[in-house]
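Visitor: Model the following, please.
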Amino acid sequence: MSINLSTTIFHNTIQEYLIALAIFIISLIVLKAIRTVIFNQLDKLAKKTKTDIDDTFIKIIQSVKPPFYSFLAVYFSILTLNLTPLASKIFNAILIIWLTYQVVIAIQILINYIVKKKFPGDKKDRAMPELIGKILKGTLWTIGILLILSNLGVNISSLIAGLGIGGVAVALAAQNILSDLFSSFSIYFDKPFEIGDFIIVGTMMGTVEKIGIKTTRIRALQGEEIIFSNQQLTTSQIQNFGKMKERRVIFRLGVVYQTPTEKLKKIPHLIQEIIQAIKLTRFDRTHFVKFDNSALTFEVVYYLQTPDYNKYMDIHQAINFQIKESFEKEGIEIAYPTQTIYLNKN
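Guide: Sure, this is the predicted structure:
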């Protein structure tokens with residue numbers, strides 16, 4: 001029994017249906033072949049290179065599931081058919097939604113890669129990058145939904161205006177919270193201090209333990225936790241000892257007025273030898289600077305090549321001990337506040 005290919009069924013002939021079927025099969029084969037070729041090439045490239053960007057592209061390709069290729073093949077095939085307006089709208093809507101979804105997923109994978117690459121950090125320092133990633137993803141999904149609605153014929157102008165008014169209302173209601181939020185962005189990107197740094201803010205001082213979205217927490221020397229709002233930190237003057245590569249140390253010592261000039265001239269050289277013999281120090285200068293009331297005063301300056309405060313105290317103590325030992329050997333007497341009273345017998 002022969003089939004008449006010109007027979008019309010639902011506004012299309014059998015021949016047109018067969019052509020659409022052939023286009024569907026060919027499109028499906030071509031799309032899957034393209035995916036396989038691209039995937040294989042990227043996989044080979046990933047094995048040859050040390051970078052992980054190619055692994056990210058592989059994830060993007062893997063995020064496109066087989067049903068999407070099947071739908072694309074169906075869509076290409078129905079372009080040759082005469083569909084009702086309702087059917088055309090349905091297929092176009094599905095295509096727009098699905099394409100937008102896949103693009104958003106692909107960009108989301110890239111955002112995750114960039115955030116992890118640019119802001120490695122440890123688990124304690126992951127709050128800010130994760131927040132940035134969530135904000136970017138939320139913005140991306142919002143744009144995607146608006147694009148879908150716009151392509152489906154929905155007037156989004158009033159919707160955008162409503163969102164704008166709502167955003168202004170929320171911003172006014174949460175003004176302090178948003179100020180702290182933006183201040184946390186400023187702290188994270190500008191990095192005036194980092195976790196582990198010892199900082200002084202006004203009369204408060206301690207080691208930074210956590211930089212949060214709204215507050216920053218530091219541990220004081222006495223052991224208590226001090227909590228600052230991020231806005232307060234961005235508007236305050238901060239002394240950061242964690243950024244200090246070397247510490248400049250300046251101190252003065254005095255010897256008695258009875259010290260002979262020859263021994264006074266020896267003191268700068270004695271102190272220089274003491275400091276230069278100690279590791280992690282860099283001698284700068286020693287000078288006889290002043291005739292004080294009860295002492296001939298010398299000023300000593302040296303640099304400590306470590307920011308560690310305990311190490312500084314240990315080294316400075318060692319210098320003081322050696323200065324006293326050296327002065328005792330040389331017969332140089334360290335001064336202390338004294339008064340000499342002369343009595344006139346007449």
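Visitor: The longest strand seen in the chain pairs with which strands, parallel or anti?
Guide: Ranked by number of residues, the top strand in the chain under DSSP state E is strand 281-291. According to DSSP bridges, strand 281-291 forms sheet pairs with strand 296-304 (antiparallel).
Visitor: Buried ones in the partner strand, by neighbour count?
Guide: Within strand 296-304, the residues that qualify as buried are L296, T297, F298, V300, Y302, L304, counting by 16 or more other CB atoms under 10 Å. No exception for glycine: its C-beta is placed from N, CA and C like everyone else's.
Visitor: Contacts for the next helix or strand after that strand, please.
Guide: On the C-terminal side of strand 296-304, the nearest following helix or strand under DSSP states H and E is helix 309-330. Here helix 309-330 makes contact (CB atoms under 8 Å, 6 or more residues apart in numbering) with 198, 241, 247, 249, 251, 253, 255, 263, 266, 270-271, 274-275, 278, 280-281, 302, 304, 306, 333-334.
Visitor: again, but for stretch 215-233
Guide: Contacts of stretch 215-233 (CB under 8 Å, 6+ apart): 176, 179-181, 183-184, 186-187, 192, 199, 201, 204-214.
Visitor: Give the buried residues for that stretch.
Guide: Across stretch 215-233, burial judged by 16+ other CB under 10 Å covers T215, T216, R217, I218, F228, S229, N230, Q231, Q232, L233.
Visitor: Break this protein down into its domains, please.
Guide: 8-153, 185-243, 247-330 (automatic domain parsing).
Visitor: Mean pLDDT and distance to Y342 added to those domains, as CSV?
Guide: Output for these, formatted as CSV (pLDDT from 0 to 100; distance: least, CB to CB, whole Å):
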stretch, mean pLDDT, distance to Y342
domain 8-153, 74, 68
domain 185-243, 85, 47
domain 247-330, 93, 14
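Visitor: As TSV, those with distance to T338 would be great.
Guide: What follows is the domains of the chain, written out as TSV (distance: least, CB to CB, whole Å):
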stretch	distance to T338
domain 8-153	56
domain 185-243	36
domain 247-330	5
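Visitor: just so I know, which of these lies nearest N344?
Guide: Of all the domains of the chain, domain 247-330 sits nearest to N344, with 21.3 Å by CB to CB.
Visitor: Check the offset of that closest one from the chain's centre.
Guide: Put simply, domain 247-330 sits 43 Å off its chain's centre (CA atoms, centre = their mean, to the nearest Å).
Visitor: Perfect, I'm done here.
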